[in-house]
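Participant: Following is a predicted model, sequence given first.
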Amino acid sequence: MYPLCRTGLTTNLKPQKISTVILRIRRTMSSGEENDVLFNSVNNKGIIILNRPKALNALNLSMVRKIYPTLKKWEQEKSMVIIKGAGEKAFCAGGDMLVVVIFLSRLGGKLGLYLALTGHRLKGLDLLKAGVATHYCESSKLPELEKTLLECKNPDTDIRDILDKITKESKVEGYEFSLKPHLEQIDNCFSAPTLEEIVKRLEKDGSDWAKKTLEVFSKVSPTSCKVIKKN
């Protein structure tokens, strides 16, 4: 099952001015680099496929150099662009990290801070319930959804209705957020002013959830946690 998240690639990149002389070393592009991004057009709509499934479709410089000019060109030519990842495991490893930072601090209570400090993973409907995703589609219906999007006549007005319909059909109303039983504990413990105080509150809590959270803290970098807490 896959959530439909508010993530994507930005096209407002500006080239950096370079005042030094650069010697460009020419080399032959490997077959892997030639095929790391695939492009297709259907019904005046563009499709970009991140094609590095063995690397979880993680973006590299070769991919960015292909995607950016294509998106700039398609801004004037296409009514909609779909970006998807090859394989079954990931859309794009690391590709949405900046956006996730734009969302975690906006989640209800201290949920965002808890997720950032512990690395707890939300999947599927949990992303929707937490407010990270806007819509949800069952994995078995993704091909049908893509077909419907590519066939829509007026993307500006139709996309929202299509996504609302597929979300409703996925029967999300009866699903309970997996962290709901712990939201009060999360707010209480992670509202502490310092990382040390968070640990003290978890120790005082003493529940199985708190003990598991403390175990996570024992395996991560305290410095990184302090930086995350400060930001």
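Facilitator: Right, received. Where do you want to start? Numbers count the residues shown, from 1 in each chain.

Participant: From start to finish, how long is stretch 177-188 in a straight line?
Facilitator: Stretch 177-188 has an end-to-end distance of 18 Å (criterion: C-alpha to C-alpha, to the nearest Å).

Participant: So for that stretch, what gets flagged as buried?
Facilitator: For stretch 177-188, burial by neighbour count (16 or more other C-beta atoms under 10 Å) applies to Leu179, His182, Gln185, Ile186. (Glycine included, C-beta is placed from N, CA and C.)

Participant: Okay, and which of these map to helices?
Facilitator: Gln185, Ile186 (DSSP state H).

Participant: Just name the closest of the buried residues of stretch 177-188 to Leu214, please.
Facilitator: The shortest approach to Leu214 among these belongs to Gln185, at 12.4 Å (C-beta to C-beta).

Participant: what's the farthest-apart pair in the buried residues of stretch 177-188?
Facilitator: Leu179 and Gln185 (9.6 Å).

Participant: ok, the buried residues of stretch 177-188 vs Trp209, which is closest?
Facilitator: Among the buried residues of stretch 177-188, His182 lies closest to Trp209 (C-beta to C-beta), at 5.2 Å.

Participant: just checking, the closest one touches Lys212?
Facilitator: No: using C-beta atoms under 8 Å, His182 is not in contact with Lys212; the gap is 10.2 Å.

Participant: just the helices in the chain please.
Facilitator: Along the chain, the stretches classed as helices by DSSP H are 31-34, 61-74, 97-104, 111-118, 125-130, 142-151, 155-169, 183-190, 195-205, 208-217, 222-230.

Participant: Direction-wise, compare the fourth one with helix 208-217 and give the angle.
Facilitator: In other words, helix 111-118. Angle, helix 111-118 to helix 208-217, by axes from the mean of the first three to the mean of the last three C-alpha atoms, to 10 degrees: 50 degrees.
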